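*Asks:* coords below, sequence missing:
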């Protein structure tokens, strides 16, 4: 059976090289990939309803008579076809249409349409409905099953995917009894259903199944597969942890004199939470197996300083430390701040990012290859092929959620023939412990749940953009009195390539309306040197207002900045808003965060912003963000490939987590061969785990 599932999709009738290439864009390469490419929602096209009974917000099938058609050019060219069902009229609106299409809508003809009912100017309408012009005397039956809606791409239609799945199910049906992976004793204990029947039902659900239950993924058969997938993910990460523990690492001893000197030079006391984190790390580093620990801490809790103490241990033992940050701006800031801490101790701090000249890079590469006991701070450039370490002892990953498992392994592999380096990951995204057990099962966890004393809470205000003039006046007065402000523009398009356009527009507006203030612009399209200069000027209080994209979301630290203004905050997630807010409140001045929402924002969007206004606790905010957006958005999973669930959702399915932990343990300990099959079945490119 495993061999049949591993067959490439080209083995299905009608799948040639071009279609196979398009399917690969959806990560569909084998029959298993195809069968486990589940619908994201379901539609009911099994019955025709009357227009008068069609409820707003629902998707329905209607049959009606075409009455009129009209094309308007302003404000946007569109075609409106008015249809009548008994005494109820309905508008069909098209913003993309052809002349041939228009010609088909002839008054008096009958039409069957499917789409979501909306209200526009008091009239029910469907925008871009599916439709069929009905021929008198010819009966076209409605669907006999609920309709799945799959993640699709250009060249791969919904109908094509459904047909391919049907063919694949037919091909594997003779082997259906072996599709289920659970050992018989576990399957019986938990009353698990046959997997072939589940998969067939989820792709082609009978009308007797509740549409609401299907779309909320609350059916027992959906929950069973969600459990399987989460178990597979957990096993994959646990296996990676097991592989790591097999390797030898450097047992490191703390240099108390050097540690005391760093503590004295700080000029302030560490929090109890920081002290505890440092002690746990030192205990890990003393072992001959590689440390693999995640430090979680809210914005401003002092995670970086904890990492510096960890680095000090490695360097004192004659080893190198690699500190990787997700952006050049953050890497630059870490380099500047950490150099101030370690240079007085006689420790060399190096900097390696893509923007350096060839001669600068070569000088850093030479030191890394030939000199032990140094610290290098950089970005993804650290795990490029040219980078060779003399004796890498500790890897520190900042903003862990922005990197994938594979990227961490690449940097670990830089140790080459030497012992495996210890690994410390940091994240400012507060992750509930139950979720962290799934997301980071390959790491031990420590939480810094305390902020340094003296940090005032940040007052968050919600103001509609209708009060823009009032906001401008307040910002002007504050900056005249010595304050500094961030003014952030979020994405205005699907692609991050366009967010700088909004920032440019705002920059011009502020320069025009506040001519006596120094205003600067910062966005991702700028050259690295220019970005650094702007941040340097802002940190030295040469700039009153820094207009920026969300490039300043993570890590940038300017204690004098006490105002954070965010345009259209409803476009951002709660965790991201919390990160941005954390850029202020780092000095002694009272700080404010102003969320300037669109006056037309939905009630749901405003309710989301009220959560930010009412809460300072990052864990509470992360919980709410997970509920509203899902783990992919919050943790950057879609960008990094840490976890890409096919059917599970670790927020929606939290109640399964205790069972996930228990079953993963049982499979690993008692059925290791089955555990491997789970990973192979559910995790794409599972070979990326356990490479080192």
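*Replies:* That came in fine, so what should we check first? Treat the numbers as computed from the prediction; the structure is a model and nothing was measured.
*Asks:* And the next helix or strand past the lengthiest helix in the chain?
*Replies:* When the chain is parsed with DSSP state H, its longest helix is helix 220-246. The first helix or strand that comes after helix 220-246 along the chain, using DSSP states H and E, is helix 256-266.
*Asks:* Would you mark the buried spots in that next one?
*Replies:* Using 16 or more other Cβ atoms under 10 Å as the test for burial, helix 256-266 gives 258-259, 262. (Each C-beta comes from the backbone N, C-alpha and C, glycine too.)
*Asks:* Please identify the buried residues of the longest strand along the chain?
*Replies:* Secondary structure of the chain read by DSSP state E shows that its longest strand is strand 59-72. Residues of strand 59-72 classed as buried: 59-64, 66, 69 (neighbour count, 16+ other Cβ under 10 Å).
*Asks:* and if you look at stretch 263-280?
*Replies:* For stretch 263-280, a neighbour-count test (16+ other Cβ under 10 Å) marks 270-271, 273-274, 276-278, 280 as buried.
*Asks:* Show me those residues that map onto helices.
*Replies:* Mapping these onto helices (DSSP H) picks out 273-274, 276-278, 280.
*Asks:* picking that back up, same list (the buried residues of stretch 263-280) but as JSON lines, adding pLDDT.
*Replies:* Shown next, in JSON lines, are the buried residues of stretch 263-280 (pLDDT from 0 to 100):
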{"residue": "270", "pLDDT": "93"}
{"residue": "271", "pLDDT": "93"}
{"residue": "273", "pLDDT": "94"}
{"residue": "274", "pLDDT": "95"}
{"residue": "276", "pLDDT": "96"}
{"residue": "277", "pLDDT": "96"}
{"residue": "278", "pLDDT": "97"}
{"residue": "280", "pLDDT": "97"}
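*Asks:* export those to CSV and tack on distance to residue 558?
*Replies:* CSV is the format used below for the buried residues of stretch 263-280 (distance: Cβ to Cβ, whole Å):
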residue, distance to residue 558
270, 22
271, 22
273, 24
274, 22
276, 29
277, 25
278, 26
280, 31
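*Asks:* Domains in the protein, by residue range?
*Replies:* 2-43+147-216, 59-134, 249-448, 459-615 (automatic domain parsing).
*Asks:* tell me the contacts of the closest residue to residue 659 other than its chain neighbours?
*Replies:* What sits nearest to residue 659 in space, not counting adjacent residues and going by Cβ to Cβ, 6 or more residues apart in numbering, is residue 227, at 6.3 Å. The neighbours of residue 227, taking Cβ atoms under 8 Å, 6 or more residues apart in numbering as the test, are 648, 653, 656, 659-660, 663.
*Asks:* quick one: residue 227 from residue 216, how far?
*Replies:* 16 Å (Cβ to Cβ, to the nearest Å).
*Asks:* same thing with residue 178?
*Replies:* In this view, residue 178 and residue 216 are 31 Å apart by Cβ to Cβ.
*Asks:* so where is the chain shaky, pLDDT-wise?
*Replies:* Along the chain, the model assigns pLDDT under 70 to residues 1-2, 400-418, 430-439, 454, 491-501, 528, 551-556, 622-623, 625-644, 684-692.
*Asks:* And for it, the residue most distant from the center?
*Replies:* Relative to the centre of the chain, and counting by Cα atoms, centre = their mean, the farthest-placed residue is residue 137 at 52.6 Å.
*Asks:* Could you report the separation of that one from residue 111?
*Replies:* Distance, residue 137 to residue 111, using Cβ to Cβ: 16 Å.
*Asks:* what sits up against stretch 39-50?
*Replies:* Residues contacting stretch 39-50 (Cβ under 8 Å, 6+ apart): 59-63, 85-86, 88, 112, 114, 142-151, 202-203, 205, 207, 211, 214-215.
*Asks:* These, buried ones only, as a PyMOL selection?
*Replies:* Buried residues among the contacts of stretch 39-50 (16+ other Cβ under 10 Å), as a PyMOL selection:
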select buried, resi 59+60+61+62+63+85+88+112+114+145+146+147+148+150+202+203+205+211+214
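*Asks:* Give me the subset of the contacts of stretch 39-50 that lies in helices.
*Replies:* Secondary structure assignment (DSSP H) places 202-203, 211, 214-215 from the contacts of stretch 39-50 within helices.
*Asks:* could you dump the residues you listed to CSV with distance to residue 607?
*Replies:* Shown next, in CSV, are the ones in helices among the contacts of stretch 39-50 (distance: Cβ to Cβ, whole Å):
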residue, distance to residue 607
202, 32
203, 36
211, 26
214, 27
215, 22
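*Asks:* quick one: which of those is nearest residue 383?
*Replies:* Of all the ones in helices among the contacts of stretch 39-50, residue 202 has the smallest distance to residue 383: 39.2 Å, by Cβ to Cβ.
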